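Asks: next one to model:
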Amino acid sequence: MSTCKIFSQFVQNLFIQNIETISTRYGELTTALNRQFRDTDSKTANTLQVGSFGRKTGINNISDLDMLYIMPESKWKNYNTSGGQLKLLQDTKEAISKRYPKTKVQVDRLVVTVTYTNFHIEVQPVFEQDDGSYKYPDTKNGGSWKFTKPKEEMEAVNSLNKEKNLNLKRLCKMVRAWKNKHGIEMGGLLIDTLAYNFLTSTPEYDDKSYSDYDCLSRDFFKYISELPDQKEYAAPGSRQRVKVKKKFQQRAKKAYELCLKAIEAEEKNNNVNEKWKAVYGRPFPAAQEQISKASISQTQITTEEFIEDKFPVDICCQVKIDCEVTQNGFRKFLLRDMLEMRIPLKAKKKLKFRVSEWPQVEEPFQIYWKVLNRGEEAQRRNCVRGQIVLDSGQRVKEESSDFQGDHVVECYLVKNNIVVAKDRIHVPIVADGSDYD
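Replies: Next comes the predicted model:
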């Protein structure tokens, strides 16, 4: 397939498939709040879909949705009092719970979170201001009122998207696929802001389309990999502050290098799709060629499982795993330190994988593990593995370095049936007498 066709299919694969369900939930919540505060049954009046879904930059399996409910101006005096911010959120929760008593609804600091299967909607009651901004409640430190300008952000994104031949929103979607593939903690508005700033900085893609998305990918990741470290950016349109939760430059540099390899593979017509899958993950279309059964048995082909087939993946936080390497009579090492110091990992070692950095995710959640053996020896032994298994409760995965190959261990954190964090570590086991060179 041509570059144009594979990237066109890639973007199509990112389309949100449950838009009808999401829209229905938005309508139900709007009706419940209109009945409570306006005594009407409208499913569409006095509400605004915001966030990635509202900007139309979200992708399939989006799980974090945002909604503003515009309060009647006459209610302002009721809530502009001491403790009024919390009371507004509590009244919003009560209105939703009264209409949908079996749905999980809870008050958070700024919003009321309504949890459904595979996604949740954060409802923010607001008061519209004369300049088009919205005043919303913040319950921290006794309560205060803050401002948000989502219309200005949506208008800025829509405007530049038209100027750039629809490339802005597509790039935003592609970057989200990269984020989910590699378990990177980046908020949706930060992604949209970086993509907006990149396309604003260059006229190169003003009239380009899918056939140039290989270069678009390469240039974008190079651009953000070279950005200086900073704590926040100004959002398009509103210029409101967008926080950087985790540094992304090093991961972007790796993506840039993977893009270079994929573009080189295009020139040689060699395993192109798999190279781009290394950047963007499973949504990127696979090659059409059938895997030769002469070299790999059908059992080996079907052994590996993929987390995307079990749960939606929508990364919102970051987890990190490491591995303790031990052998009787020898000192203990961490695998990441060994890899950094280029100390070869040989056979007959005990390996204990554990989470070394936990995200701020409230219990309950589940941990899943995947161990994938790669290389000729794994195929010869018919020991590719790759099954995804639930953690036993110890939050540790114990293995051993039995035979050489570039093996992989992955860890997934699942909250409310959604993969919200993931990490992987390569386990390059070498034969005795070998090293990494």
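
Asks: would you verify that P125 is located in a strand?
Replies: Yes - using DSSP: H, G, I helix; E, B strand; the rest coil, the assignment for P125 is a strand.

Asks: how many residues are close by it?
Replies: 25 (other C-beta atoms under 10 Å). C-beta here means a position set from N, CA and C on the backbone, and glycine is covered the same way.

Asks: touching, it and L89? I think so.
Replies: Yes - the criterion here is C-beta atoms under 8 Å, and P125 meets it with L89 at 7.0 Å.

Asks: ok, E357 to K277 distance?
Replies: As judged by C-beta to C-beta, to the nearest Å, E357 and K277 stand 26 Å apart.

Asks: who's more crowded, those two?
Replies: Neighbours were counted for E357 and for K277 using other C-beta under 10 Å; K277 has more, 20 against 11.

Asks: quick check: chain neighbours aside, which residue is closest to the more buried one?
Replies: Closest residue to K277 apart from its sequence neighbours, by C-beta to C-beta, 6 or more residues apart in numbering: F284 at 4.7 Å.

Asks: list the contacts of the one you found.
Replies: When contacts are counted by C-beta atoms under 8 Å, 6 or more residues apart in numbering, F284 touches I6, F10, N13, A177, N273, W276, K277.

Asks: return the set of buried residues in whatever helix or strand A252 lives in.
Replies: For A252, the host element (DSSP states H and E) is helix 249-268. Within helix 249-268, the residues that qualify as buried are R251, A252, A255, Y256, L258, C259, A262, I263, A265, E266, counting by 16 or more other C-beta atoms under 10 Å.

Asks: got the phi and psi for the residue positioned nearest the centre of the chain?
Replies: In the chain, the residue lying closest to the centroid (C-alpha atoms, centre = their mean) is I315, at 3.1 Å. Per-residue torsions, I315: phi -70, psi 130 (degrees, to the nearest 10).

Asks: leaving out sequence neighbours, find the closest residue to it.
Replies: Nearest residue to I315, sequence neighbours excluded (C-beta to C-beta, 6+ apart): N180, at 5.1 Å.

Asks: with N46 instead?
Replies: I70 (4.6 Å).

Asks: list the buried residues for whatever helix or strand V414 lives in?
Replies: Per DSSP H and E: V414 is located in strand 405-415. Buried residues in strand 405-415, counted by 16+ other C-beta under 10 Å: G405, H407, V408, V409, E410, C411, Y412, L413, V414, K415.

Asks: now do it, average pLDDT.
Replies: Here strand 405-415 scores 92 as its mean pLDDT.

Asks: just stretch 202-215 next, same as before
Replies: Average pLDDT, stretch 202-215: 97.

Asks: what residues does stretch 161-174 touch?
Replies: Stretch 161-174 is contacted by residues 10-11, 14, 55-59, 157, 160, 191-192, 195-196, 198-199, 205-209, 213, 216-217, 220, 280 when judged by C-beta under 8 Å, 6+ apart.

Asks: thinking again about what came up before, okay, the buried residues of helix 249-268 in TSV with pLDDT and distance to R336 next?
Replies: Converted to TSV, these look like this (pLDDT from 0 to 100; distance: C-beta to C-beta, whole Å):
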residue	pLDDT	distance to R336
R251	97	15
A252	98	20
A255	98	20
Y256	98	22
L258	98	20
C259	98	25
A262	97	26
I263	97	29
A265	94	28
E266	89	32
